[in-house]
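Trainee: Test case, fold it:
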Amino acid sequence: MLNISNNTVHCEEDIRNLQAPLRNKLAHWHISARNLFLVLLAIFFIFLFLPWTQNIQATGKVTTLRPEHRPQTIHATIAGRVEKWHVMEGQKVHAGDTIVFLSEVKTDYFDPEIVQRVGNQVQAKESAIVSYDGKVGALESQIAAMERELVNKTQQIENKVRQAELKIESDRAGVEQANVDIQIARRQFDGIRNLYDKGLKSLTELEEKKAKLQESDAKLVGAQNKLASSQNDLDIYKTEWQLVRNEYANKIAKTQSDKFSTLSEKYDAQGSVNKLRIERENYSRRSSFYHILAPQNGYVVQAITPGIGEIIKEGDPVVSILPADYELAVEMYIRPMDLPLISVGRQVRFMFDGWPAFFFSGWPGISLGTFAGRVVAIDRNISTNGKFRLLVAPDPTDQPWPEALQVGGGARGIALLKNVPLWYELWRILNGFPPDLYQDGSSDTKPGNSLTPKAPIKKAK
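Mentor: Presented below is the predicted three-dimensional model:
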């Protein structure tokens, strides 16, 4: 063994004769296990380089694509008392069908003919407005007549004033003439008196001149009195002119005040008419709210206030309905760290509750029983559960969703992301890294865009 001696040692022959080495000899299946392990290891290494589709998984529920297609609750517009139900739970109703009839509970609306009575008040007020219009027209005619009368009176007095002014001029000329006559008479009297003193004229002639002087003096006084009287008449006419103007101004002002008072009453009546019209329309509308109608085609889900005679308040829920025609979608929530990886148009695969499915994470191509969808909306605000809500509609290019799928059912969504090697995905998971941000060229990443299918996804029968 150590080549120390040239003698040959027959070890194999010695071992064959021993029992212990024979018992500890390796069996042939150990060699097969080793080979199998090597093959599996080779297969594992090959698998490490296979493509793997990254994805984000989240749970959700089935809803409708449009808000008006979701289950809704019908509320009472007015307070009332439940008198009669016209439908049963589960019954299909059409838009405009009466669901329940309410009776009035407020004392202000107990009169069954309140709409007609308010209408009569409106007609009475409208007749009063017509009367006010007639009164305003009469007052305007009266004002116009007084203005014309004022013009005539003013012209008449102005004519008197002009006559008085002319008379004053004539009387002033008479006074001037009387002054001249008295001056002539005085000179003649003075001359006769001088001659009389000298004995050249008789006493008779002197007395004649004296009488003529006195006559001229009397004429002067009369002319002056006449002039004063004419001036007094002129002052009277001017005063009368001012009095007439003031009198008619007061009459016109009073008539205009009556006119404006009438207009104020007219406008007040118009305001009352408008108010009564509003009340009449409100009463008419309120009477239409006694019958609660179906807003759209749907099915009665639950009667929230079922009892006959129950009192409901304004805004209380009465019945809930499910629209008959709707387009399905899935509402799912994702973590904030996954939000940057999702964009509008991203494809999502779903497994619905009640439908058998097999989904192999990483290789969606070999999955069975899943349905495709596209992201149509992403909430901008975080939800109360600390996640962001996505709205996913059916993919129009893939197979349609099940016909029996109902609103409210559960769903599990898998958003497909980037294809990476399997070894990279294992390395990412071991290190706790998020999936890679990947923008698919076929998806529209602009916020607000929608991939709503052209045709309705599902219509309930």
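Trainee: how about the strands in the stretch 201-350 of the chain?
Mentor: 291-293, 298-303, 311-312, 317-323, 325-326, 328-334, 347-352 (DSSP state E, counting those that start in this stretch).
Trainee: Pairing partners for the second one, with directions?
Mentor: When you say that, I think you mean strand 298-303. Strand pairing for strand 298-303, using DSSP bridges, gives strand 92-93 (antiparallel), strand 317-323 (antiparallel).
Trainee: Restricting to C-alpha, output that strand in CSV.
Mentor: Provided in CSV are the C-alpha atoms of strand 298-303 (Å, rounded to 0.1, in the frame of the first residue of the first chain):
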residue,chain,number,x,y,z
GLY,A,298,-85.2,47.2,-10.9
TYR,A,299,-86.1,44.7,-8.2
VAL,A,300,-87.4,45.4,-4.7
VAL,A,301,-84.8,44.1,-2.3
GLN,A,302,-86.0,45.1,1.1
ALA,A,303,-88.9,47.1,2.6
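Trainee: Please work out which residues outside that strand touch it.
Mentor: Here strand 298-303 makes contact (Cβ atoms under 8 Å, 6 or more residues apart in numbering) with 71, 85, 87-93, 99, 318-324, 460. Quick note: C-beta positions are derived from backbone N, CA and C, even for glycine.
Trainee: Of the strands of the stretch 201-350 of the chain, which is nearest residue 146?
Mentor: Residue 146 lies closest to strand 291-293 among those, at 61.4 Å (Cβ to Cβ).
Trainee: Now that closest one: buried residues?
Mentor: Going by neighbour count (16 or more other Cβ atoms under 10 Å), the buried part of strand 291-293 is residue 292.
Trainee: you'd agree residue 310 is up against residue 81?
Mentor: Yes - contact criterion Cβ atoms under 8 Å: residue 310 and residue 81 qualify, at 7.2 Å.
Trainee: name the helices or strands packed onto the lengthiest strand in the chain?
Mentor: Using DSSP state E, we find that the single longest strand of the chain is strand 51-64. With contacts defined as 3 or more Cβ pairs under 8 Å, 6 or more residues apart in numbering; DSSP states H and E, strand 51-64 has these neighbours: strand 328-334, strand 388-394, strand 410-421, helix 422-431.
Trainee: which strands and helices sit next to the last one?
Mentor: The one in question is helix 422-431. Packed next to helix 422-431, using 3+ Cβ pairs under 8 Å, 6+ apart, are helix 28-48, strand 51-64.
Trainee: pLDDT averaged over that helix, what's the number?
Mentor: Mean per-residue pLDDT for helix 422-431: 74.
Trainee: re the thing from before, for the helices and strands packed on strand 51-64, give me CSV that also has distance to residue 151 and mean neighbour count.
Mentor: Formatted as CSV, the helices and strands packed on strand 51-64 follow (distance: least, Cβ to Cβ, whole Å; neighbours: other Cβ atoms under 10 Å):
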stretch, distance to residue 151, mean neighbour count
strand 328-334, 85, 23
strand 388-394, 83, 23
strand 410-421, 94, 19
helix 422-431, 107, 13
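Trainee: Nearest to residue 144, out of those?
Mentor: strand 388-394 (74.8 Å).
Trainee: Tell me which residues are up against the closest one.
Mentor: With Cβ under 8 Å, 6+ apart, strand 388-394 has contacts from 58, 60, 63, 65, 327-336, 339, 342, 348, 350, 371-379, 382-383, 400-401, 413, 451-453, 457.
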